[in-house]
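**Student:** with the input below, show me the fold.
(chains A and B)
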Amino acid sequence: MPQSYLSIEGIRKTFGSFTALEPIHIEIPKNEFVCLLGPSGCGKTTLLRMIAGLESPDGGRLLVEGKDITSLPPAKRNIGFMFQSYALFPNLTVAQNVAYGLKEKKLSRQQVQSKVEEVLSMVDLLSYATKYPAQLSGGQQQRVALSRAIALSPDFLLLDEPLSALDAKVREKLRLEIRRLHEQLGMTTIMVTHDQEEALTMADTVVVMNNAKVIQSGAPEDIYERPNSRFVADFIGAVNFLEGMNGGEALAIRPEHVRLGLGQETGSYEAVIESLEFRGSFYRVTMQVQGPLSQYFQSGIMADLNRAVVKQYQLEKNRRVFIQLPEEHLIRFGPNRRERLEVVG
Amino acid sequence: MRIAKWNTAFTLKRRTGSWFERIAMLLMLAGLCVMILLPLFSLFSKAVTDKYGQYNGLSNFIDYFSTPALLHSLQHTVYVSLLTAILSVVLGFLFAYALTRTNVPGKMFFKTVSLLMLFAPTMMLGIGLTYLFGNQGLITTGFFEALPFHWDIDLYGPTGIVMAEVMYTFPQACLILVVSLSFADFNLYEAAKTMGAGKGRIFFTITLPNMKYGLISSFFVSFTLAFTDFGAPQVVGGSYNVLATEIYKQVIGQQNMGMGATVGIILTLPAILAFIVDRFVTRKQHAISSRAVPYRITPSRKRDGLFLTFCILASGMILLLIGTVFAASVIKIWPYNLSFSLKHYDFSKVAGGSLQPFWTSLRMSAWTALIGTAATFVGAYLIEKTKSFPVLRQAGYFLSILPLALPGIVLGLSYIFFFNKASNPMHGIYGTIWILVMANIAHFYSVSFVTATSALKKLDKEIETASDSLGVPRYKTLLRVTIPLCLPAVLEMAMYLFINSMVTVSAVMFLYAADLKLASVSIVNMEDAGDVAPAAAMSTLIVITNIGVRLLYEAVTHQIKKKTQAWQTRQQ
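**Tutor:** Purely as a prediction, here's the structure:
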């Protein structure tokens, strides 16, 4: 088990009668890339801002290597924070933005200059040093914000929805770039996002939050393959729920694990194709299960099938098929199992 | 979705600010209390005391409402203001409509002319009317007997007051209405046309409802301005008493402070009503849809012709009035000797005494602009951008917009009561230029406060937190980022404060010391003493100064815009 670097111990916050954060416990090892993932309003941004010191908790403690930093101002925490809006100063050039925090340190003019050049070349923006933010594209602005955040060589890089304002292509490129910087600089990075794909592709550890609570945390594969609750299963990727099958137990299965055949076999269900949706590399096939078993599949069942299979079986609307749900891919939640809170580390 | 909304509201909340911010906040509140709240309190307590300073409850008010002469002034004021508001809104609407919804040529010119009135003290409008319609007026005498007919409109009294007040309030109403006419969604007009609605139906179902709040707001603004104005009725009111002149008589003439305060409170009532209505209206004003399409003007020669005629008439009237005052100031003896002369600009032989009042006004206005801009901007920043003392911040906001409801004359009166007390530790500023500067800052605080606040609201909400996260103290970010970004608004505030300080008479007329007479006050005195031509000359000086300041502002703003082009977002 890796040594915990940042400990979040029972941090909580209420605003009036609204609970923004129930007591939260998370342990984060050094140099980890952690994503706080959840729907809007789940408290993830509040938590990030508390780690940054931009907001103060009602209770609980924040420890870095055992040292209590709960009441330290942001300036003393050695963090780099990247805002969702980037918060670049529009009247300062790219270089002046990056140098803004450096000037507060006891550094010579040359040191500031060379540091600015160093971080700008890391994000490949050295030639834009004298431009103003408004003269740059969205992706470039994002990279300026990123280099401003890492200019002070922070221990923690905190990113608040860093990619949400960008279009899809730029977003994919910057995912790699952020991940690369994280590895190159050896920081501990915490990123807030509501985009599950982003979390799965970038993070070492994903912390799924909902309604001011941590619901599950773990490696992306774990979270995807073994969600501990309906919420997590549903929030991350597509999923079929099988209602009350084995004596009331709730089961689920991912669409890519649903198998399809044309003949009846043991354990297969008869179904009729309702729609075929072309998704590029695969088809998403939605079916209605026939007979008495249909009660377990209230909202139908989805299967992701590659094009070869669809062609081979000549699948089309209203076609009768048989589906199988392989035992090893069934996700079990249990009828009365409470949504368990897990912690990292 | 409720939760999502909550969340964004929360992310704006920040840790409580530094001790520096807290001290600044307390200082600001103390300043607002001294400038506004405490003087007002003095006024209220004065209203319940008699001539000798004894408490007498509501008997001043009872006296007021049982003295027919006093009661008349209230009826007069209501009548005059109501008429002014109706005329101003109608004329302002036509003018605004011409500027926004027609293809009238020369819009820039008409707009500029309508704004000229904002540079003139209201006495000047009265003086202009005197020269046109007074006993020796250009029109009354049929161009000095050159025409075969005479036209006496019986200027002195309600006619003159309403004419002057309409000219004074018309540009303000017009400004509001231009704004509300510019926010239109052309989709609605096209939808109505596709459903076969005629022009009249479209006007009454789309145009008018859309600008309902603009109409209400401009009505109340015009009503309140006319209700509390002193300059115009003083010059053209004749024996027709209104509240503002009544206060002057009670306080300066009869030294009846208690009754003065009482009338002052009555004078404040419609302003407070307007204030409440305005708050209510701005809250109800729904934001226009982001998918709205700007209004496209359809060609119509008939409509353009009609509106052009109207614009020419309205601008002609304004130019004629101002031109007459300019002309009268350089004519030897109106109307007998029309040769050119600058002798009226030598003020040494008249009631004003010398050119000194003009210099004093300049000095006072410059200080007001300087200190007022700094104080208001810092005040707006503390209220808008800091997070300490939420309750006190609310109180600060209320005090900052309260002056909007305070007529200058009431503020001036409150200042005498408050600062003239020997027991007041600030008694020392009484009789100096600083009490004038302070009264002006208080008088014009709200508008510049709102200007600063809306400029600050436009900035990224995370500028302060970004500065925190980079370990830079907030005051540095204020100086290095926030103020440079708000520079256009700062200049606008300074210009507004300067121009209004130059023309105002109501707040300062009780407060100036004998050796610190102001240009606007000297106009009142000269006119009162019958030295109308020198009064016209002084008015001309004020208008020219204000036009100069406005041009300077335009030039500087233009330079800044050019210099900071690279900051502005490309897409916009």
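**Student:** interface residues of the stretch 101-250 of chain A facing chain B?
**Tutor:** Neighbours of chain B within the stretch 101-250 of chain A, by Cβ under 8 Å from any Cβ of the partner chain: A:G101, A:K103, A:E104, A:K131, A:Y132, A:P133, A:A134, A:Q135, A:R148, A:A149, A:L152. Bear in mind the C-beta positions are built from the backbone N, C-alpha and C, glycine included.
**Student:** show me the shaky parts of the stretch 251-400 of chain B.
**Tutor:** Filtered on pLDDT under 70, the stretch 251-400 of chain B yields the residue ranges B:284-291, B:351-353.
**Student:** how's chain A carved up into domains?
**Tutor:** Here the domain parsing of chain A from automatic domain parsing is A:4-231, A:238-327.
**Student:** now render the ones you listed as TSV, adding distance to B:Q559 and mean pLDDT.
**Tutor:** TSV is the format used below for the domains of chain A (distance: least, Cβ to Cβ, whole Å; pLDDT from 0 to 100):
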stretch	distance to B:Q559	mean pLDDT
domain A:4-231	15	93
domain A:238-327	54	87
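**Student:** of those, which is nearest B:L402?
**Tutor:** Nearest to B:L402, of all the domains of chain A, is domain A:4-231, at 27.8 Å by Cβ to Cβ.
**Student:** worst-scoring helix or strand of chain B, pLDDT-wise?
**Tutor:** Least confident helix or strand of chain B, by mean pLDDT, DSSP states H and E, is helix B:2-12 with a mean of 37.
**Student:** hmm, back to that, which of the domains of chain A is buried the deepest?
**Tutor:** Of all the domains of chain A, domain A:4-231 has the most neighbours on average by mean count of other Cβ atoms under 10 Å in any protein chain shown, namely a mean of 19.
**Student:** ok, and for stretch B:376-393, which residues are buried?
**Tutor:** Going by neighbour count (16 or more other Cβ atoms under 10 Å in any protein chain shown), the buried part of stretch B:376-393 is B:376-386, B:388-389, B:392-393.
**Student:** stretch B:124-137 now?
**Tutor:** By 16+ other Cβ under 10 Å, the buried positions in stretch B:124-137 come out as B:M124, B:L125, B:G126, B:I127, B:G128, B:L129, B:T130, B:Y131, B:L132, B:F133, B:G134, B:G137.
**Student:** which residues touch that stretch?
**Tutor:** The contact list for stretch B:124-137 (Cβ atoms under 8 Å, 6 or more residues apart in numbering or on different chains) reads B:117, B:138-140, B:152-153, B:155-156, B:160, B:163-164, B:167-168, B:231-232, B:234-236, B:320-322, B:324-325, B:328, B:334-335, B:523, B:527, B:532, B:535-536, B:539, B:542-543.
**Student:** mind checking the SS state of B:I297?
**Tutor:** The assignment at B:I297 comes out as coil when based on DSSP: H, G, I helix; E, B strand; the rest coil.
**Student:** what about it, how many residues close to it?
**Tutor:** Counted by other Cβ atoms under 10 Å in any protein chain shown, the residues lying close to B:I297 total 13.
**Student:** thought it was touching B:R101?
**Tutor:** Yes: judged on Cβ atoms under 8 Å, B:I297 makes contact with B:R101 at a distance of 6.2 Å.
**Student:** what does the pLDDT read for the residue lying closest to B:S520 once chain neighbours are set aside?
**Tutor:** Leaving aside its chain neighbours, B:S520 sits nearest to B:V505 (4.3 Å; criterion: Cβ to Cβ, 6 or more residues apart in numbering or on different chains). Listed pLDDT for B:V505 reads 92.
**Student:** returning to what we had before: just the buried ones from the contacts of stretch B:124-137?
**Tutor:** Among the contacts of stretch B:124-137, those classed as buried by 16+ other Cβ under 10 Å are B:117, B:138-140, B:155-156, B:160, B:163-164, B:167-168, B:231-232, B:234-236, B:321-322, B:324-325, B:328, B:334, B:523, B:527, B:532, B:535-536, B:539, B:542-543.
**Student:** so of the residues of the stretch 101-250 of chain A next to chain B, which ones are in helices?
**Tutor:** Here DSSP state H is the test, and those give A:R148, A:A149 as lying in helices.
**Student:** so of the residues of the stretch 101-250 of chain A next to chain B, which two are at opposite extremes in space?
**Tutor:** A:E104 and A:Q135 (26.0 Å).
**Student:** which phi and psi does the closest residue to chain B within the stretch 201-345 of chain A have?
**Tutor:** Residue nearest to chain B within the stretch 201-345 of chain A: A:N211 (8.3 Å; Cβ to the nearest Cβ). Backbone torsions for A:N211, taken as degrees, to the nearest 10, come to phi 50, psi 50.
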